[in-house]
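Chemist: with the input below, show me the fold.
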Amino acid sequence: MNRYVAAVLGTLLAGPLAAQPAPPVTDYRARTPEQEVVYFVLPDRFENGDPTNDKGGLKGDRLRTGFDPAAKGFYHGGDLKGLVKRLDYIQGLGASAIWVGPVFKNKPVQGPKGQESAGYHGYWITDFTSVDPHYGSNADFKAFVDAAHARGMKVYMDIIANHTADVIQYRDGGDYAYRGKADYPFSRRGGIASAAINPGFAGDGDPRADNWARLTDPSFAFAPFVPKGEEKAKTPAWLNDPTYYHNRGNSNWVGESALYGDFVGLDDLATEHPRVVAGMIEIYGDWIDKYGIDGFRIDTARHVNPEFWRAFVPAMLARAKARGIPNFHIFGEVATGDVDPALLARWTRIADLPSTLDMAFAAAAQKVVSGKAGTDVLARLFEDDALYQGGEAGALALPTFLGNHDFGRFSMFVKQANPGIGEDELLDRVMLGHAMMMTLRGVPVIYYGDEQGFVSDGNDQLAREDMFSSKVAVYNDNDLIGTAATTALANFDKAHPLYREVAALAEVRKATPALHGGATISRAFSDKPGLYAVSRIDPETGQEVVVAFNTSTAPVTQRIAVEPRSLTFTSLAGQCSPAADAPGSVSVTLPPLGFAVCAAKE
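Modeler: Next comes the predicted model:
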């Protein structure tokens with residue numbers, strides 16, 4: 001850790017904001033989504049609070065129980081009691097909400113012979129009404145939610161409506177490549193030249209129940225069946241009927257198949273069907289009613305027809321409001337690997353999703369902080385906030401992140417973009433990225449382990465390391481940043497420089513309305529690495545807060561435009577000029593890879 005980083009941490013931790021006591025927790029329901037700092041955690045990989053549930057109550061080898069703590073694709077033992085045990089750690093980081101990976105009961109193991117893996121991640125659901133026994137019980141989930149609420153922390157559930165576990169099979173041979181509606185219409189059994197079926201069915205664009213009652217034969221593309229012994233594998237019971245699924249084979253992610261295809265073999269629900277719509281509303285409404293949760297992150301949202309969300313979202317918001325939860329936060333996953341805000345914004349308009357995970361911010365931050373793109377990439381990103389439903393105000397509720405369990409960790413992207421990068425520079429760049437996420441518009445989401453310097457070797461399973469002592473060799477040989485530790489031992493170090501930075505900036509953010517609710521005005525940017533400066537404007541008082549970042553490895557000094565009334569400044573982080581050079585102009589000086597947060601005095 002270089003001297004600048006140490007100085008910034010010293011400023012943050014010694015400042016008046018850091019010394020203030022935590023606010024009362026009784027009014028946590030009143031906080032709006034943009035006021036939160038979110039911690040995203042996969043419960044299996046966080047903390048093992050109860051070793052007796054490691055095998056989920058199952059007997060046999062790992063292919064039956066799903067448990068193998070030495071294999072990256074199997075259960076490792078983390079659970080809900082472990083989350084409760086570490087709430088102090090999560091809250092100490094500054095998190096006010098916990099986004100917990102899916103907790104529903106999963107198919108323990110699936111996959112072709114020799115390629116099996118377990119449902120430790122939670123996305124292979126068989127029972128939408130129960131907690132997976134590997135994590136504990138429904139009572140344990142209630143205890144976790146209650147414990148978080150007692151601290152004034154919210155709980156967001158990760159939910160899935162697009163698919164279930166892979167139970168339905170096809171009698172047909174082949175590789176189950178996608179079969180589209182043109183060549184395999186609902187009106188023929190297995191192709192144009194085959195026998196007529198489903199007479200009178202007017203297509204899946206007609207949502208009337210009497211229309212769907214005419215779809216009685218699901219073998220229009222493949223011949224689906226439920227294997228013997230699995231006829232009642234799913235809960236609620238209606239999920240066991242193949243009629244409620246698309247049954248068109250594996251998605252190729254292009255065009256029609258993105259909505260109708262099986263997601264890597266998982267059973268793809270026919271979310272156009274009114275029974276499926278009503279069933280999912282009933283399922284997830286019950287979780288709100290019973291546990292008083294505070295929001296949903298929606299997995300694979302772009303692979304579900306927009307009409308489904310236009311029915312589902314209002315129903316969930318109404319259910320939450322009736323439960324006394326006025327600020328229920330719903331955000332959908334609309335996957336994109338590039339800076340593409342138009343795609344994200346489109347789903348807030350065509351599907352009425354209140355918000356989407358800001359994957360465009362993640363892609364922009366990876367490029368800009370790595371030093372491989374100019375700071376104009378960020379400026380353009382925020383210009384496009386007008387595209388979202390609600391415009392710039394709507395964009396304030398977009399959950400921003402740097403890396404995650406699917407794509408890989410932010411530190412990995414920075415490292416890959418800079419082969420041979422030194423440890424100090426890598427830490428500085430990663431800290432710069434976190435400073436951006438904590439102070440720019442949107443709802444910051446910390447991916448568990450990032451605050452401990454985790455560096456993934458890749459995406460998916462390679463980015464899902466254990467916080468408790470790991471037995472996975474491919475995790476334990478990683479060179480973590482900002483520490484001499486490895487994942488072979490537990491990593492809950494509150495003295496880690498990234499943990500300290502996030503915790504300090506979280507307090508600055510919470511205490512500064514401009515940072516969570518203010519408009520964004522880009523003040524300085526270019527097509528090369530260097531200065532990016534913005535003004536965030538307090539929506540109530542009009543107070544200006546200047547946030548500045550230097551993405552280059554050289555110091556920078558530059559004047560930027562500010563509001564003429566902003567004549568003197570105080571530092572919330574980093575070094576700030578105490579006074580404007582003239583009304584409307586102030587000098588910004590930053591060291592290499594440095595940042596500062598400067599509040600105009602009222």
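Chemist: just checking: what are the partner strands of the helix or strand harbouring residue 597?
Modeler: Using DSSP states H and E, residue 597 sits in strand 595-600. The pairing partners recorded for strand 595-600 under DSSP bridges are strand 544-550 (antiparallel), strand 569-573 (antiparallel).
Chemist: contacts for the very next helix or strand once past the last one, please.
Modeler: Going down the chain from strand 569-573, the next helix or strand is strand 585-590, by DSSP H and E. Contact with strand 585-590 is made by 524, 531, 533, 546, 548-550, 555-562, 566, 569, 574-575, 577, 579-581, 596, as judged by C-beta atoms under 8 Å, 6 or more residues apart in numbering. Using the backbone N, CA and C atoms, a C-beta is placed for each residue, glycine as well.
Chemist: after the helix or strand of the chain with the lowest mean pLDDT, next one along is what?
Modeler: For the chain, counting by mean pLDDT, DSSP states H and E, helix 16-19 ranks last in confidence among helices and strands (a mean of 40). As assigned by DSSP H and E, the chain's next helix or strand after helix 16-19 is strand 38-41.
Chemist: as PDB, could you dump the C-alpha coordinates of that next one?
Modeler: Written as PDB, here are the backbone C-alpha positions of strand 38-41 (Å, rounded to 0.1, in the frame of the first residue of the first chain):
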ATOM      1  CA  VAL A  38     -25.500  -3.500  -0.600                       C
ATOM      2  CA  TYR A  39     -23.400  -6.600   0.200                       C
ATOM      3  CA  PHE A  40     -23.900  -9.500  -2.200                       C
ATOM      4  CA  VAL A  41     -23.100 -12.900  -0.800                       C
END
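Chemist: please name every helix or strand in contact with whatever helix or strand comes next after that strand.
Modeler: Beyond strand 38-41 on the C-terminal side, the first helix or strand identified by DSSP H and E is helix 62-65. Under the contact criterion of 3 or more C-beta pairs under 8 Å, 6 or more residues apart in numbering; DSSP states H and E, helix 62-65 touches strand 109-110.
Chemist: partners of the strand it packs on, with directions?
Modeler: Using DSSP bridges, strand 109-110 pairs in its sheet with strand 117-118 (antiparallel).
Chemist: how distant is the partner strand from the center of its chain?
Modeler: 22 Å (C-alpha atoms, centre = their mean, to the nearest Å).
Chemist: wait, isn't residue 562 in contact with residue 579?
Modeler: No. Taking contacts as C-beta atoms under 8 Å, residue 562 lies outside contact range of residue 579: 11.3 Å.
Chemist: between those two, tell me which one has more neighbours.
Modeler: Between residue 562 and residue 579, residue 562 has the larger neighbour count (other C-beta atoms under 10 Å), namely 24 against 13.
Chemist: ok, the more buried one - contacts?
Modeler: Residue 562 sits in contact with 523, 535, 544, 546, 580, 584, 585, 586, 600, where contact means C-beta under 8 Å, 6+ apart.
Chemist: hmm, 10 Å instead?
Modeler: Contact criterion C-beta atoms under 10 Å, 6 or more residues apart in numbering gives 521, 523, 533, 535, 544, 546, 569, 580-581, 583-586, 588, 598, 600 as the residues in contact with residue 562.
Chemist: follow-up on the earlier one: tilt between the strand holding residue 597 and strand 585-590?
Modeler: Between the direction of strand 595-600 and that of strand 585-590, the angle (axes from the mean of the first three to the mean of the last three C-alpha atoms, to 10 degrees) works out to 150 degrees.
Chemist: extract the C-alpha set from strand 595-600 and format it as PDB.
Modeler: These are the backbone C-alpha positions of strand 595-600, laid out as PDB (Å, rounded to 0.1, in the frame of the first residue of the first chain):
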ATOM      1  CA  PHE A 595      -9.200  10.500  -5.700                       C
ATOM      2  CA  ALA A 596     -10.900  13.200  -3.600                       C
ATOM      3  CA  VAL A 597     -14.400  14.100  -2.400                       C
ATOM      4  CA  CYS A 598     -14.800  17.800  -1.700                       C
ATOM      5  CA  ALA A 599     -17.900  19.400  -0.300                       C
ATOM      6  CA  ALA A 600     -18.700  23.000  -0.900                       C
END
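Chemist: list the contacts of stretch 192-208.
Modeler: Surrounding stretch 192-208, the residues in contact under the criterion C-beta under 10 Å, 6+ apart are 181-190, 210-220, 246, 260, 270-274, 277, 305, 307-308, 311.
Chemist: among the residues you listed, which lie within helices?
Modeler: In helices, defined here by DSSP state H, the members of the contacts of stretch 192-208 are 210, 211, 212, 260, 274, 277, 307, 308, 311.
Chemist: return the distance of the last one relative to residue 395.
Modeler: Residue 311 sits 25 Å away from residue 395, going by C-beta to C-beta, to the nearest Å.
Chemist: more neighbours: the two, which one.
Modeler: With neighbours defined as other C-beta under 10 Å, residue 311 and residue 395 compare such that residue 395 has more, 28 against 17.
Chemist: next one: residue 233 from residue 57, what distance?
Modeler: Distance check for residue 233 against residue 57: by C-beta to C-beta, it reads 16 Å.
Chemist: how about residue 361?
Modeler: Counting by C-beta to C-beta - residue 361 and residue 57 are separated by 41 Å.
Chemist: ok, these two, which is more surrounded?
Modeler: Comparing residue 361 with residue 57 by other C-beta under 10 Å, the one with more neighbours is residue 361, at 27 against 10.
Chemist: doesn't the more buried one belong to a helix?
Modeler: Yes. Assigned with DSSP: H, G, I helix; E, B strand; the rest coil, residue 361 falls within a helix.
Chemist: surely residue 301 touches residue 333?
Modeler: Yes. Counting by C-beta atoms under 10 Å, residue 301 does reach residue 333; the two are 5.2 Å apart.
Chemist: pull up the overlap in contacts between those two.
Modeler: Shared contacts of residue 301 and residue 333, defined by C-beta under 10 Å, 6+ apart, comprise 160, 162, 347, 353, 356, 357.
Chemist: same list (the ones in helices among the contacts of stretch 192-208) but as CSV, adding pLDDT and distance to residue 75.
Modeler: Listed next are the ones in helices among the contacts of stretch 192-208 as CSV, based on pLDDT from 0 to 100; distance: C-beta to C-beta, whole Å:
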residue, pLDDT, distance to residue 75
210, 97, 45
211, 98, 43
212, 98, 38
260, 98, 31
274, 98, 36
277, 98, 32
307, 98, 36
308, 98, 31
311, 98, 35
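Chemist: and these, which of them are buried?
Modeler: 211, 212, 260, 277, 307, 308, 311 (16 or more other C-beta atoms under 10 Å).
Chemist: name the residues of stretch 339-359 that come out as buried.
Modeler: Counting neighbours by 16+ other C-beta under 10 Å, one finds that the buried residues in stretch 339-359 are 339-341, 343-348, 351-359.
Chemist: now the end-to-end length of that stretch.
Modeler: Using C-alpha to C-alpha, to the nearest Å, the gap from the first to the last residue of stretch 339-359 comes to 7 Å.
Chemist: now that stretch, how far from the chain's geometric center?
Modeler: Distance, stretch centre to chain centre, for stretch 339-359: 14 Å (C-alpha atoms, centre = their mean).
Chemist: quick check: mean pLDDT of that stretch?
Modeler: Along stretch 339-359, the predicted local confidence has a mean pLDDT of 97.
Chemist: now stretch 371-386
Modeler: Computed over stretch 371-386, the mean pLDDT rounds to 98.
Chemist: can you check stretch 228-247 too?
Modeler: When pLDDT is averaged over stretch 228-247, the result is 98.
Chemist: stretch 97-109 too?
Modeler: When the per-residue pLDDT values of stretch 97-109 are averaged, the result is 98.
Chemist: buried stuff in it?
Modeler: In terms of neighbour count (16+ other C-beta under 10 Å), stretch 97-109 has its buried residues at 97-109.
Chemist: confidence score at residue 436?
Modeler: With respect to pLDDT, residue 436 has a value of 98.
Chemist: give the contact list for it.
Modeler: Taking C-beta under 10 Å, 6+ apart, one finds 361, 364-365, 368-369, 378, 400, 402, 444, 532, 534, 547, 549, 551, 595 in contact with residue 436.
Chemist: quick one: secondary structure of it?
Modeler: Secondary structure of residue 436, reduced to three states by three-state DSSP: helix.
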